[in-house]
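Undergrad: got a sequence here, can you model it:
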Amino acid sequence: QVQVVETGGGLVQAGGSVRLSCVVSGRTFSDYYLGWFRQTPGKEREYVASMKSSGGVPKYADSVKGRFTISRDNAKNTGYLQLNSLKAEDTAVYYCAVTEYWGSQPLRMTNEYLHWGQGTQVTVSS
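TA: Predicted structure coming up:
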């Protein structure tokens, strides 16, 4: 059974940084395409970033491009999302998701991912 666990959220000041981690167990992490999403109350979960199973060129939502960085360490079964230059509007619950996919197009929809973590809250104070 695949488990996905995010850690690293918390309270951070505007302009600050935080790194989120996503540990995947129960299956070889290198088999999975990795995605990060976020959600605020009353809104749909939105795509943040994603990366292929082998690494390579990451993809980002326009709202975070240049500020967030997705990465992965397959040897540690862990994905990461580095959040820099944080803004109040980045406040959300951040979710890690993985799925088996080896295509060339980025996966940006929630229904394209099979396994999800429970989420970690990031709150940016202004």
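Undergrad: so what's the spatially most central residue of the chain bridging to?
TA: The C-alpha lying nearest the average C-alpha coordinate of the chain belongs to residue 36 (CA atoms, centre = their mean; 2.3 Å). In this entry, residue 36 is beta-bridged to residue 49, residue 96, by DSSP bridges.
Undergrad: same question, residue 21
TA: Legend: beta-bridge partners of residue 21 under DSSP bridges are residue 7, residue 80.
Undergrad: quick one, strands of this structure?
TA: Using DSSP state E, the strands of the chain run over 3-7, 10-13, 18-25, 32-39, 46-52, 55-60, 68-73, 78-83, 92-100, 115-116, 120-125.
Undergrad: how about those in JSON lines, adding distance to residue 109?
TA: Quick note: C-beta positions are derived from backbone N, CA and C, even for glycine. As requested, the strands of the chain are exported to JSON lines (distance: least, CB to CB, whole Å):
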{"stretch": "strand 3-7", "distance to residue 109": "17"}
{"stretch": "strand 10-13", "distance to residue 109": "28"}
{"stretch": "strand 18-25", "distance to residue 109": "18"}
{"stretch": "strand 32-39", "distance to residue 109": "9"}
{"stretch": "strand 46-52", "distance to residue 109": "7"}
{"stretch": "strand 55-60", "distance to residue 109": "13"}
{"stretch": "strand 68-73", "distance to residue 109": "17"}
{"stretch": "strand 78-83", "distance to residue 109": "18"}
{"stretch": "strand 92-100", "distance to residue 109": "10"}
{"stretch": "strand 115-116", "distance to residue 109": "13"}
{"stretch": "strand 120-125", "distance to residue 109": "21"}
